[in-house]
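Participant: Sharing a sequence plus its predicted fold:
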Amino acid sequence: MTGFLEHIGLMHFLTVGAVLFCAGIVTVLARRNAVGVLIGLELVLNAANLNLVAFDRFGPAPLRGSVFAIFVLAVAAAEAAIALAIVLNVFDSRDEIDVDEVSALKG
């Protein structure tokens with residue numbers, strides 16, 4: 001298991017990160033459900049974390065991407081907790097979590 005990362009290069013990790021990022025963007029744009037949009041946002045943040053850690057491991061200089069990845073994880077946890085609390089409150093009052101219907105609450 002010691003030589004596993006030696007056979008996998010930076011481009012492999014960046015490719016997986018790009019696929020995750022694209023899947024997250026498609027999920028955010030295609031879903032009408034608030035929970036689906038939150039899942040898409042988490043995919044985008046995890047793609048960014050994967051790229052940060054890959055650059056930390058394979059980069060020429062000590063970029064310390066893992067420190068930024070931990071910061072992004074903390075922000076993502078706070079975002080998920082607040083967003084889910086908002087979704088639960090909207091579901092309590094409207095019995096639905098459709099994104100288009102919630103935007104009608106502005107006025």
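Facilitator: Structure's in. What do you need?
Participant: which residues of the chain fall in helices?
Facilitator: Ranges of helices in the chain, per DSSP state H, are 4-7, 10-30, 34-58, 65-94, 99-102.
Participant: Save these as a markdown table, and put in mean pLDDT and mean neighbour count too.
Facilitator: Using the backbone N, CA and C atoms, a C-beta is placed for each residue, glycine as well. Converted to a markdown table, the helices of the chain look like this (pLDDT from 0 to 100; neighbours: other C-beta atoms under 10 Å):
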| stretch | mean pLDDT | mean neighbour count |
| --- | --- | --- |
| helix 4-7 | 65 | 8 |
| helix 10-30 | 93 | 15 |
| helix 34-58 | 88 | 18 |
| helix 65-94 | 84 | 13 |
| helix 99-102 | 68 | 13 |
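Participant: Distance from the chain centre to stretch 38-52, please.
Facilitator: Distance of stretch 38-52 from its chain centroid, counting by C-alpha atoms, centre = their mean, to the nearest Å, is 3 Å.
Participant: Same check on stretch 49-62?
Facilitator: The chain centroid and the centroid of stretch 49-62 are separated by 18 Å under C-alpha atoms, centre = their mean.
Participant: Using PDB, list the CA coordinates for it.
Facilitator: Written as PDB, here are the backbone C-alpha positions of stretch 49-62 (Å, rounded to 0.1, in the frame of the first residue of the first chain):
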ATOM      1  CA  ASN A  49     -11.200  20.000  -0.900                       C
ATOM      2  CA  LEU A  50     -10.000  17.100  -3.100                       C
ATOM      3  CA  ASN A  51      -8.100  19.600  -5.300                       C
ATOM      4  CA  LEU A  52      -6.600  21.400  -2.300                       C
ATOM      5  CA  VAL A  53      -5.400  18.100  -0.700                       C
ATOM      6  CA  ALA A  54      -4.000  16.900  -4.000                       C
ATOM      7  CA  PHE A  55      -2.000  20.100  -4.600                       C
ATOM      8  CA  ASP A  56      -0.800  19.800  -1.000                       C
ATOM      9  CA  ARG A  57       0.500  16.300  -1.600                       C
ATOM     10  CA  PHE A  58       1.800  16.700  -5.200                       C
ATOM     11  CA  GLY A  59       2.600  20.400  -5.400                       C
ATOM     12  CA  PRO A  60       6.200  21.600  -5.800                       C
ATOM     13  CA  ALA A  61       6.000  24.000  -2.800                       C
ATOM     14  CA  PRO A  62       4.500  23.400   0.600                       C
END
